[in-house]
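>>> Generate coordinates for the sequence data below:
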Amino acid sequence: MINTGPDWEQRIADLWASFDDHEPEDFLAKVKELTDERPADDAVAHYELASAHDSIGNEAEAATHYREAFAAGLTGSRRRQATIQFASTLRNLGQAKESVELLTAERDAVSDELDDAVTAFLALALTDLGRDREAASLALGALSRHLPRYNRSLSNYAKALLKD
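Residues are numbered from 1 along each chain as shown. Reported below is the predicted structural model:
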């Protein structure tokens, strides 16, 4: 039975909310049960499987499902979340260059509440490439927007890191 309605969304959300209550393989099995209710080429199903594999440490399998989710046309907030998660997975798989490329494109593509997450994961990937000053500049620039004071000073120091 194919189920892509609101009750499916609620059930997957509830499962994620109970992630810590499950053993990794049990959690993955429950995600597979739910994603089996969706069409075989469904972008959301691939995204949820990728996220589940990622969350239990199966990065290589996660990467496969992220690629399938993008190929199937993943959209909306899940697409941006998938980009962040996939870039992190690539970094963990030793593919920091591809991670930086994805996250740099994502920073330029759209702006929303995940901007600082994109920047944080980009900073991590940059450190893997030995670009520590650039990583620190990005991280400090993002942090500067959230401080109760010294915002302008920290932002300027973050920019200055790239000039030295």
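>>> Quick check: which element contains Arg91?
Element membership of Arg91, judged by DSSP states H and E, is helix 76-92.
>>> And the contacts of the very next helix or strand once past that helix?
Heading C-terminal from helix 76-92, the first helix or strand you meet, by DSSP H and E, is helix 96-109. By CB atoms under 8 Å, 6 or more residues apart in numbering, the residues outside helix 96-109 that reach it are 80, 83-84, 86-88, 90-91, 115, 118-119, 121-122, 125-126, 128-129. No exception for glycine: its C-beta is placed from N, CA and C like everyone else's.
>>> ChimeraX command for the buried members of those?
Remark: buried members of the contacts of helix 96-109, expressed as a ChimeraX selection using 16 or more other CB atoms under 10 Å:
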select :80,83,84,86,87,88,90,91,118,119,121,122,125,126,128
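>>> list the helices and strands the helix holding Arg91 packs on?
Applying 3 or more CB pairs under 8 Å, 6 or more residues apart in numbering; DSSP states H and E, we find helix 76-92 packed against helix 43-55, helix 59-71, helix 96-109, helix 115-128.
>>> nearest to Leu154, of those?
Among the helices and strands packed on helix 76-92, the nearest to Leu154 by CB to CB is helix 115-128 (14.0 Å).
>>> Near Asp41, how many residues? Count them for me, please.
11 (other CB atoms under 10 Å).
>>> Give me the spatial nearest neighbour of Tyr150, chain neighbours excluded.
Counting by CB to CB, 6 or more residues apart in numbering, Ser144 is the residue found nearest to Tyr150 once chain neighbours are left out, at 7.7 Å.
>>> Can you get me a residue count around the one you found?
Ser144: 18 surrounding residues under other CB under 10 Å.
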